[in-house]
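> Sharing a model that was predicted from the sequence below.
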Amino acid sequence: MGTAQQTSRQHLVSQVLLKEFTMPEPKGGSRQLLPFDLHNPGRVHKRMPTSRCGWAENFVAVDSPSVEALWGDVERRVPAALAAVHAGTPFADPLHVDVLRDLVVLHYVRSLHYRDVHADSIERARTRLIAKVITQYPEQLRLEALRETGLYLSGPAALGAFAERLIERSTIMRDRESGKLFRTSIEDTFHKMRDLASTRRLEVITPETGQFLIGDNPALTLCVKESRTIYGMAFGDAQTLLLPIGPKHLLSLGTEDVTLTVPQSFVDRLNAVQVHAAHRYVYLHPESGLEPFVERAAQRRPAGDRTI
């Protein structure tokens with residue numbers, strides 16, 4: 001029996017979701033959307049099919065078939081749930097609510113933002129461990145260095161370098177380098193986040209006017225305090241976790257299952273959050289007319305500030 005092959009080009013934004021932002025090309029062409037490159041906001045942006053959008057190279061670098069199967073289990077059930085949203089009956093079937101909530105969680109975990117958080121947490125843990133070993137076990141370090149190298153290490157810099165060398169040889173660090181640690185982490189986090197999100201209800205939000213867009217880090221934690229909109233905090237500190245699912249619909253994890261209509265000002269603020277939180281691209285319906293809005297928002301993207 002054959003083994004599933006590693007997938008190099010891995011979609012972070014589900015194609016089933018990106019298709020909601022597409023329209024058919026003239027003369028029977030394929031459905032396409034408009035990717036907007038935030039690194040080059042002034043360029044002419046060309047329409048593309050969903051297969052060319054929302055992906056990363058080797059996002060999960062080892063044993064990707066296992067996570068692809070996990071994502072696929074959710075994504076296969078999404079079209080029926082989206083059809084219920086379009087029909088105005090998102091809560092008629094509890095299974096649709098479950099899959100839409102899972103779709104939000106999937107995009108929160110399967111994201112460049114989560115990969116960065118994971119890498120930062122591992123690096124902080126490595127730094128703390130090196131400091132702990134130097135402080136609590138200096139003599140053991142000196143003896144091990146003497147045994148391995150024949151050198152007696154005296155200064156803290158030499159001890160730190162040797163401690164780092166030992167830690168880099170550990171199984172967990174080797175798993176980090178191979179990508180195995182990230183694959184395990186992303187699967188575990190998805191299951192934990194799905195359990196946490198199951199206690200939340202689902203809000204289906206529709207614009208009074210205007211359209212939503214979607215970024216390449218689309219599922220975002222959000223907290224509104226007075227006139228400030230803050231995004232990107234830990235799930236437990238957020239008021240909601242939201243995800244655009246089409247130009248006319250956005251999902252938000254809240255306190256009750258409800259459909260809401262929001263004014264243009266609210267749509268603009270959520271669209272600005274998508275632009276600010278994106279890694280590089282946002283995706284628009286080709287006839288949304290949002291290009292000038294995105295270009296202005298791209299020029300105001302702050303470095304490190306997660307407040308709008």
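Done, it's in.

> show me where the stretch 151-300 of the chain has helices.
Taking DSSP state H, counting those that start in this stretch to define them, one finds helices in the stretch 151-300 of the chain at 156-168, 171-178, 180-197, 264-277, 291-299.

> Does the fourth one pack against any helices or strands, and if so which?
In other words, helix 264-277. strand 214-215, strand 220-225, strand 228-231, strand 240-246, helix 291-299 (3 or more C-beta pairs under 8 Å, 6 or more residues apart in numbering; DSSP states H and E). Using the backbone N, CA and C atoms, a C-beta is placed for each residue, glycine as well.

> would you turn the helices of the stretch 151-300 of the chain into TSV with mean pLDDT and mean neighbour count?
Putting those into TSV (pLDDT from 0 to 100; neighbours: other C-beta atoms under 10 Å) gives the following:
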stretch	mean pLDDT	mean neighbour count
helix 156-168	85	16
helix 171-178	83	14
helix 180-197	93	16
helix 264-277	95	20
helix 291-299	92	16
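
> Would you mind giving the ones you listed as CSV with distance to residue 88 added?
Output for the helices of the stretch 151-300 of the chain, formatted as CSV (distance: least, C-beta to C-beta, whole Å):
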stretch, distance to residue 88
helix 156-168, 56
helix 171-178, 47
helix 180-197, 23
helix 264-277, 19
helix 291-299, 27
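
> could the helices and strands packed on helix 264-277 go into JSON lines alongside distance to residue 92?
Shown next, in JSON lines, are the helices and strands packed on helix 264-277 (distance: least, C-beta to C-beta, whole Å):
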{"stretch": "strand 214-215", "distance to residue 92": "25"}
{"stretch": "strand 220-225", "distance to residue 92": "27"}
{"stretch": "strand 228-231", "distance to residue 92": "31"}
{"stretch": "strand 240-246", "distance to residue 92": "17"}
{"stretch": "helix 291-299", "distance to residue 92": "34"}
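
> right, so of the helices of the stretch 151-300 of the chain, which gets closest to residue 238?
Proximity to residue 238 (C-beta to C-beta) singles out helix 180-197 among the helices of the stretch 151-300 of the chain, at 11.1 Å.
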